[in-house]
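Novice: The sequence and its predicted three-dimensional model are supplied below.
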Amino acid sequence: LLKQKTIKGEKRMRCLIEIKSGRFDTRQELADYLLVHIRTLERWVNDYKCGGIVQMLSDRPKNKQSKIITPAMHKGLEQRVNDPHNPFLGYWDAQNWVRQEYGIDVKYHRIREYLKQHFRTKLKTPRKSHYKKDGEAEKAFLKTP
């Protein structure tokens, strides 16, 4: 307990010590004492049972792959997000596109969070060029003296 450098580690070690001492009658009382949710406490105990103190104290990243959005969908979304001529006009447009292309109904907030997390999108983002821009008109404008 004294070797822990973070409060997380201290709480996890305190959890083991209190379970071993038998000071609390139920795990809910222990969770209330540690100011954590009962499910968090149970997860710590399961980690301890599976891999010992090392696994319980490890702060492993929780990067889980999406079960809804497949790698093929990710690639299609990436191409569409970065396409200057046919961009998404909003998250609702992305949601409709996924429904049409892949036949999967993804909730608005899920697609929004996914696009924000993986492609750093925002509702209003400047584009390299406007999707309605006429390339010929641009060339004609630049040629005028």
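Specialist: That came through fine.
Novice: Please count neighbours and contacts with C-alpha atoms only from this point.
Specialist: Will do.
Novice: Let me know the next secondary structure element after the longest helix along the chain.
Specialist: For the chain, the helix with the greatest residue count under DSSP state H is helix 38-57. Sequence order places helix 71-81 as the next helix or strand after helix 38-57, per DSSP states H and E.
Novice: Pull the number of nearby residues for the spatially closest residue to residue 92 that is not a sequence neighbour.
Specialist: Spatial nearest neighbour of residue 92, excluding adjacent residues (CA to CA, 6 or more residues apart in numbering): residue 108 at 6.5 Å. For residue 108, the neighbour count with other CA atoms under 10 Å is 15.
Novice: In the protein, what helix or strand scores lowest on average pLDDT?
Specialist: helix 135-143 (a mean of 82; mean pLDDT, DSSP states H and E).
Novice: Any chance you could give me it in PDB, C-alpha atoms only?
Specialist: Output of helix 135-143 as PDB, limited to C-alpha atoms (Å, rounded to 0.1, in the frame of the first residue of the first chain):
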ATOM      1  CA  GLY A 135     -13.200  23.700 -61.200                       C
ATOM      2  CA  GLU A 136     -13.600  25.300 -64.600                       C
ATOM      3  CA  ALA A 137     -14.900  28.500 -63.100                       C
ATOM      4  CA  GLU A 138     -11.900  28.700 -60.900                       C
ATOM      5  CA  LYS A 139      -9.500  28.300 -63.800                       C
ATOM      6  CA  ALA A 140     -11.400  31.000 -65.800                       C
ATOM      7  CA  PHE A 141     -11.200  33.400 -62.800                       C
ATOM      8  CA  LEU A 142      -7.500  32.900 -62.400                       C
ATOM      9  CA  LYS A 143      -6.800  33.500 -66.100                       C
END
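Novice: who touches residue 12 in this structure?
Specialist: 44, 56, 57 (CA atoms under 8 Å, 6 or more residues apart in numbering).
Novice: Check which residues of the helix or strand encompassing it are buried.
Specialist: Residue 12 belongs to helix 7-21 when assigned by DSSP H and E. Buried residues in helix 7-21, counted by 16 or more other CA atoms under 10 Å: 9, 11, 12, 13, 15, 16, 19.
Novice: and whatever helix or strand comes next after that helix, what other elements does it pack with?
Specialist: Following helix 7-21 in sequence order, the next helix or strand is helix 27-34 (DSSP H and E). The contact analysis (3 or more CA pairs under 8 Å, 6 or more residues apart in numbering; DSSP states H and E) places helix 27-34 against helix 7-21, helix 38-57.
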